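Colleague: with the sequence up front, the predicted model follows.
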Amino acid sequence: MATALQSSTRTAPVAFSLQFTGLSSSSRSSGSVSFPHNISIKSLETTVQAQTSRISAVAKTESSGFKQMEVDISLSPRVNSVKPSKTVAITDQATALAQAGVPVIRLAAGEPDFDTPGAIAEAGINAIREGFTRYTPNAGTLELRTAICHKLKEENGISYTPDQIVVSNGAKQSILQAVMAVCSPGDEVIIPAPFWVSYPEMARLADATPVILPTFISENFLLDPKLLESKLTEKSRLLILCSPSNPTGSVYPKELLEEIAKIVAKHPRLLVLSDEIYEHIIYAPATHTSFASLPGMWERTFTVNGFSKAFAMTGWRLGYIAGPKHFIAACNKIQSQFTSGASSISQKAGVAALGLGYAGGEAVSTMVKAFRERRDFLVKSFGELEGVKMSEPQGAFYLFIDFSAYYGTEAEGFGKIENSESLCRYLLDEAQVALVPGDAFGDDSCIRISYAASLHTIQAAVQRIKKALLPLRPAVTV
């Protein structure tokens, strides 16, 4: 099936790419099909350049009977300092290709392929039918915040009251509001790499400085406490931890978190944001530990979670943050002037989700079982490739594979594979599989593969990728 899909559309991306981008064939570079030179993945990142001063730009407008005038179209330095999300850009590009009839396999987005469980969907539908369609309190309905408190107590061992919870339009908003609430210009936000693409940009939006701490595939991409301790200064304001991790799937064992907590405790200004959005997508024997449950950490920890991943509710846009009242009130204030409360309908659905049982009950465990099957297939399949290095994911639904052994090789009709971006362009062009380059996550040696797709789709993608890599010989023996 995968071979038929591949062979029947070998030339389709060429015609589409030129039509979609509005470019002539002369603008292409190195035989790139879906990403011509001036809209390459790299250019998606560099389109918005960081600026230290305001750039003056004007546009001329002219209307009948009026004198020609100039309009200032410059953007703020804060916006110019922020890079666009590569995952969003690549996902949008792959979606556009698919909508044009190109059979692209999309393994770029972090979105479960399952439908929202029926009981949750019905709760949302009933909310509409029963007229629960008006504004809710800014921080979220008392019903949902109370349910969140119960979940955090029973599943995570951390106690909160409803006034220590703010419900937002997704966990991404919860994280951004926390960063903005506690960071001042010049503060440092400590981020282990590989990282979710938005963490550094959120720090920049708050006029803070992201400080990236590398981790290594040989150590399962887990932060070295000694490295953390050596990098902390009086400017260190926020440490962001994500477990299970996007993009690596790594899970921090409790013992390691306890070591990190002891270091954090030595720095009065240092707070911790624990991103736990993937907590239920975890593979035994790995277990999840909430950072706020560790001794002395409740008072300085923001716990962020949501409904998108475990409950397959990405489009419902519902997340939340829990923490000390002083900090949470600040997040609530920002939200009140930003978006106001989350959707009333989504909040009813959220209550239903938390009512499915411990850790999401059977509905979530069924999805996790499928994710694990897909993970096992990918680990086995890519383990057969020469020059590939992997750290087996313990949670989430991503495989972060080191393909750097292929860098430096020449691909006929394409050019040189120089880095994760060019390898992703090559695989999109040659195999029609959309993946995300590791440089988006702070590690250019790797590529992220999302296995939030059916096993059949993943099998077809692996077949295409292997066929595309067959002509390439790893430049480095691993």
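Modeller: That came in fine, so what should we check first? Residues are numbered from 1 along each chain as shown.
Colleague: can you give me the helices in the stretch 101-250 of the chain?
Modeller: 118-129, 142-151, 171-182, 198-205, 225-231 (DSSP state H, counting those that start in this stretch).
Colleague: correction: the previous question concerned the stretch 251-400 of the chain.
Modeller: Using DSSP H, counting those that start in this stretch, helices in the stretch 251-400 of the chain cover 254-264, 325-336, 344-354, 361-383.
Colleague: who wins for proximity to Ser184 among the ones you listed?
Modeller: Proximity to Ser184 (CB to CB) singles out helix 325-336 among these, at 12.5 Å. To be clear about C-beta, it is placed using only N, CA and C from the backbone, and glycine gets the same treatment.
Colleague: still on that earlier bit, can you put the helices of the stretch 251-400 of the chain in a markdown table and add distance to Ser76, mean neighbour count and mean pLDDT?
Modeller: Shown next, in a markdown table, are the helices of the stretch 251-400 of the chain (distance: least, CB to CB, whole Å; neighbours: other CB atoms under 10 Å; pLDDT from 0 to 100):
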| stretch | distance to Ser76 | mean neighbour count | mean pLDDT |
| --- | --- | --- | --- |
| helix 254-264 | 33 | 17 | 98 |
| helix 325-336 | 18 | 18 | 98 |
| helix 344-354 | 31 | 23 | 98 |
| helix 361-383 | 41 | 17 | 98 |
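Colleague: which one of those helices lies nearest to Tyr398?
Modeller: Closest approach to Tyr398 among these is made by helix 361-383 (9.2 Å; CB to CB).
Colleague: alpha carbons of the closest one, as PDB, please.
Modeller: Provided in PDB are the C-alpha atoms of helix 361-383 (Å, rounded to 0.1, in the frame of the first residue of the first chain):
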ATOM      1  CA  GLY A 361     -10.100   5.600  33.000                       C
ATOM      2  CA  GLU A 362     -10.500   3.000  30.200                       C
ATOM      3  CA  ALA A 363     -10.800   5.700  27.500                       C
ATOM      4  CA  VAL A 364      -7.300   7.000  28.100                       C
ATOM      5  CA  SER A 365      -5.700   3.600  28.800                       C
ATOM      6  CA  THR A 366      -7.000   2.400  25.400                       C
ATOM      7  CA  MET A 367      -5.300   5.300  23.700                       C
ATOM      8  CA  VAL A 368      -2.100   4.800  25.700                       C
ATOM      9  CA  LYS A 369      -2.000   1.100  24.700                       C
ATOM     10  CA  ALA A 370      -2.200   2.100  21.000                       C
ATOM     11  CA  PHE A 371       0.600   4.700  21.500                       C
ATOM     12  CA  ARG A 372       2.800   2.100  23.000                       C
ATOM     13  CA  GLU A 373       2.300  -0.300  20.100                       C
ATOM     14  CA  ARG A 374       3.200   2.500  17.700                       C
ATOM     15  CA  ARG A 375       6.300   3.400  19.700                       C
ATOM     16  CA  ASP A 376       7.500  -0.200  19.800                       C
ATOM     17  CA  PHE A 377       7.100  -0.500  16.100                       C
ATOM     18  CA  LEU A 378       9.100   2.700  15.400                       C
ATOM     19  CA  VAL A 379      11.900   1.800  17.800                       C
ATOM     20  CA  LYS A 380      12.300  -1.600  16.200                       C
ATOM     21  CA  SER A 381      12.000  -0.300  12.600                       C
ATOM     22  CA  PHE A 382      14.500   2.600  13.000                       C
ATOM     23  CA  GLY A 383      16.800   0.400  15.100                       C
END
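Colleague: ok, back up a step: now render the helices of the stretch 251-400 of the chain as a markdown table, adding distance to Arg464.
Modeller: Formatted as a markdown table, these follow (distance: least, CB to CB, whole Å):
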| stretch | distance to Arg464 |
| --- | --- |
| helix 254-264 | 37 |
| helix 325-336 | 43 |
| helix 344-354 | 35 |
| helix 361-383 | 12 |
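Colleague: done for today, thanks.
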